[in-house]
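Undergrad: sequence-free structure coming up:
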């Protein structure tokens, strides 16, 4: 079984008008069934060991995908061509770190690096796009699975199961850009 990316062209927003009190925002239904797929060549693992995290590099029109384990992988998907390749050797890069699995991923445009979430290790690892580990820090939550950053990198939110959102404000050494 291979992972595929469906390319969905979203229509222009139906309206820029801000809904009034009690009004629902305007919405449109999009039928994606006829939209094309890109075959990524990413073999999906068994027992929830496949793609766990996605991050988008808008400037270069790429996706980065984290494959949880067996083996851990960080992939780059070119959204123009569908070409998929290992960004770096994630098994070698994360060996000896707290990142024993890859459960989430964020791309930070401002610093051009990736932050990987490890649920098993309860940590975040910041890595360069060539796989150099720049920083590893513990993170709260029972089972951290996702991470997002403000554009200026001053705030970070970690999603953790079951139903936790943890908000961090940047301090020196906390996934510092």
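TA: Arrived safely. Note that the structure is predicted; figures quoted are calculated from it, not measured.

Undergrad: can you pull out the helices in this structure?
TA: 90-94 (DSSP state H).

Undergrad: quick one: low-confidence parts of it?
TA: 1-17, 24-28, 36-50, 171-177 (pLDDT under 70).

Undergrad: how about the strands of it, start to end?
TA: 2-6, 37-43, 51-57, 62-67, 73-78, 84-88, 104-108, 113-118, 123-128, 133-138, 143-149, 155-161, 164-169 (DSSP state E).

Undergrad: Let me know which of those is the nearest to residue 23.
TA: Nearest to residue 23 among the strands of the chain is strand 164-169 (26.8 Å), distances taken as C-beta to C-beta. Backbone N, C-alpha and C define where each C-beta goes, glycine included.

Undergrad: Tell me which other helices or strands that closest one touches.
TA: strand 155-161 (3 or more C-beta pairs under 8 Å, 6 or more residues apart in numbering; DSSP states H and E).

Undergrad: Give the burial count for the closest residue to residue 121 other than its chain neighbours, as a bare number.
TA: The shortest distance from residue 121 to any non-neighbouring residue, by C-beta to C-beta, 6 or more residues apart in numbering, is to residue 98 (3.5 Å). Using other C-beta atoms under 10 Å, residue 98 is surrounded by 16 other residues.

Undergrad: need the contact list for residue 98.
TA: The contact partners of residue 98, taken as C-beta atoms under 8 Å, 6 or more residues apart in numbering, are 118, 121-123, 125, 136, 138.

Undergrad: would CSV of those with distance to residue 169 and neighbour count be doable?
TA: Shown next, in CSV, are the contacts of residue 98 (distance: C-beta to C-beta, whole Å; neighbours: other C-beta atoms under 10 Å):
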residue, distance to residue 169, neighbour count
118, 22, 26
121, 23, 21
122, 20, 17
123, 19, 18
125, 20, 22
136, 20, 19
138, 17, 10
